[in-house]
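1. Provided below for reference: sequence and predicted model.
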Amino acid sequence: MALIRTSQRQSQRDKTSLPSTSGRSREAERQSTSPAREKVRRSRRLVGVKHIRKRELIPFTRQAAGMLNAGMSIVATISTLQEQATHPGFRSLLNDLRATIESGSPFSEGIARYPQVFSDIYVNMVRAGERSGQFAEIMKRLAALLDSSARLVRKVKSALTYPIVVLSLALLIAFGLITFVVPVFSEMFESFGSKLPAPTQVLVDTSAFIGDNWAYLLAFFVIGGWIMQAWARSRNGTRIIHRLTLRVPVFGELILKVIIARFARLLGQMLTSGVPILDALQVTANSTGNLVVEESLLKARNMVQEGQTLSDAMEGKPYLPILLVRMSAAGEKSGRLDEMLDNVADAYDDEVETMLATLTSLMEPFLMVFLGIIIGSIVIAMFLPIFQISTVISG
């Protein structure tokens, strides 16, 4: 019996010692949390971080660069900008960022916890500036880079907004006429007792089909849109859509020039900031926004990693224009690759502005004609029977 009690007491002591072991294992597990999971976890703490846009980030970067150039410390700079911030989510972010820096972490590590706000390009350039001792200069370059990128995006959006609005308005008016106006005329047409003209009959049949099957049509478009969205999110679907986008006449060329201008600008600035070329190519390729161009750039990066020059690696790759290849070759020979890439970006920016101005001037009359044809065809089809009746009566 004594032996049994002794063994029971020993087992109880073993059980009581287990929590400390599990506690140590849980602590080790917490310490081994992946950086990506830590980024997401820290980002989710703050309310409104996902809604921060570039209109908050660009002034922050520009003002931070000015304060750092004036000799202010990074903590004092963040504190001052936090007091001036009007966006609640951005103010909370800066507060957490200041606490992170005060705890001993570098600025690049602090902003890396918010991938929704600070891109990989931003983080890598800041990290390179911290290592090279040119932190204030890098922030100044970042501000100029973000400003030029946002300006180009605004120009493209403003040029494309007008045709999208006009086309949407034309479709909305046509749908309204077919759905609500044509049925009223169709009742009047039935009293004529004669055969309707072919355009009018097609219009009446279309209106009747939509009126009788609107629920099925709505379900079809909803389910079809959901399937298309799921397919577009897959890698193959994204690749096909991006490839077709670049093959659209005129607009495909415009989109490709915007992509190449952005890539050259970002790569040139990252190389100027001291980011290694392999890291810079990886980050800039992922930020192109087009999968087929990204794959071409990643193939070129792999060839650079094997020892080839950047110009040789980009030679013959799909959607990488010859101007980019030749200017890169000249920059590598002269040892000024970053400057040549900036020149490429400037050249494509000028071409994009010229194309946007030309397209804007040409699209206005084209869209007006298109709108007149769509609406005019429906109106003429509705009034054709009335014209014929008046002709018969006058005869």
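-> Thanks, I have the structure now.

2. Please, where are all the helices along the stretch 101-250 of the chain?
-> If you assign secondary structure with DSSP state H, counting those that start in this stretch, the helices in the stretch 101-250 of the chain sit at 107-111, 120-132, 135-176, 182-190, 198-212, 214-233, 235-247.

3. Quick one: list the elements packing against the fourth one.
-> In terms of contacts (3 or more Cβ pairs under 8 Å, 6 or more residues apart in numbering; DSSP states H and E), helix 182-190 is packed against helix 198-212, helix 337-394. Any C-beta I mention is one placed from the backbone N, CA and C, and that applies to glycine too.

4. got the contact list for it?
-> Applying Cβ atoms under 8 Å, 6 or more residues apart in numbering, the external contacts of helix 182-190 come out as 196, 200, 203, 204, 206, 207, 208, 211, 378, 382, 385.

5. let's go with 6 Å and repeat that
-> The contact list for helix 182-190 (Cβ atoms under 6 Å, 6 or more residues apart in numbering) reads 196, 203, 204, 207, 382, 385.

6. Could you chop the protein up by domain?
-> Residue ranges of the domains in the chain are recorded as 42-118, 147-395, according to automatic domain parsing.

7. Out of the ones you listed, which gets the lowest mean score?
-> Averaged per stretch, pLDDT over the domains of the chain is lowest on domain 42-118, reaching a mean of 82.

8. quick revisit: among the helices and strands packed on helix 182-190, which is nearest residue 220?
-> With distances scored as Cβ to Cβ, the stretch of the helices and strands packed on helix 182-190 nearest to residue 220 is helix 198-212 (12.0 Å).

9. May I see the buried residues of that closest one?
-> By neighbour count on 16 or more other Cβ atoms under 10 Å, the buried set for helix 198-212 is 200, 201, 203, 204, 207.

10. In contact with the first one: list those residues for me.
-> So that's residue 200. With contacts taken as Cβ under 6 Å, 6+ apart, residue 200 has the following neighbours: 381, 384, 385.

11. Skipping adjacent residues, who's closest to the first one in space?
-> In this case it means residue 381. Spatial nearest neighbour of residue 381, chain neighbours left out: residue 199 (4.0 Å); criterion: Cβ to Cβ, 6 or more residues apart in numbering.

12. From residue 298, how far off is the residue positioned nearest the centre of the chain?
-> In the chain, the C-alpha closest to the average C-alpha coordinate belongs to residue 289, at a distance of 6.4 Å (Cα atoms, centre = their mean). From residue 289 across to residue 298, the span is 14 Å (Cβ to Cβ, to the nearest Å).

13. With residue 339 instead?
-> Relative to residue 298, residue 339 is positioned 24 Å away (criterion: Cβ to Cβ).

14. Tell me the gap between stretch 338-356 and the middle of its chain.
-> Its chain's C-alpha centre and that of stretch 338-356 lie 20 Å apart, by Cα atoms, centre = their mean, to the nearest Å.

15. Now do the buried residues in that stretch.
-> Buried, per 16+ other Cβ under 10 Å, within stretch 338-356: 338-345, 347-349, 351-352, 355-356.

16. Quick one: closest of the helices and strands packed on helix 182-190 to residue 261.
-> In this view, the helices and strands packed on helix 182-190 are compared for proximity to residue 261 by Cβ to Cβ, and helix 337-394 is the closest at 3.7 Å.

17. Check which helices and strands the closest one is in contact with.
-> For helix 337-394, the helices and strands in contact under the criterion 3 or more Cβ pairs under 6 Å, 6 or more residues apart in numbering; DSSP states H and E are helix 135-176, helix 198-212, helix 251-272, helix 322-334.

18. For the ones you listed, state which one has the densest average packing.
-> Using mean count of other Cβ atoms under 10 Å, the stretch among those with the largest mean neighbour count is helix 251-272, at a mean of 21.

19. Which strands or helices does that one pack on?
-> helix 277-286, helix 337-394.

20. just how off-centre is the longest one within its chain?
-> Taking Cα atoms, centre = their mean, one finds helix 337-394 lying 26 Å from the centre of the chain it belongs to.
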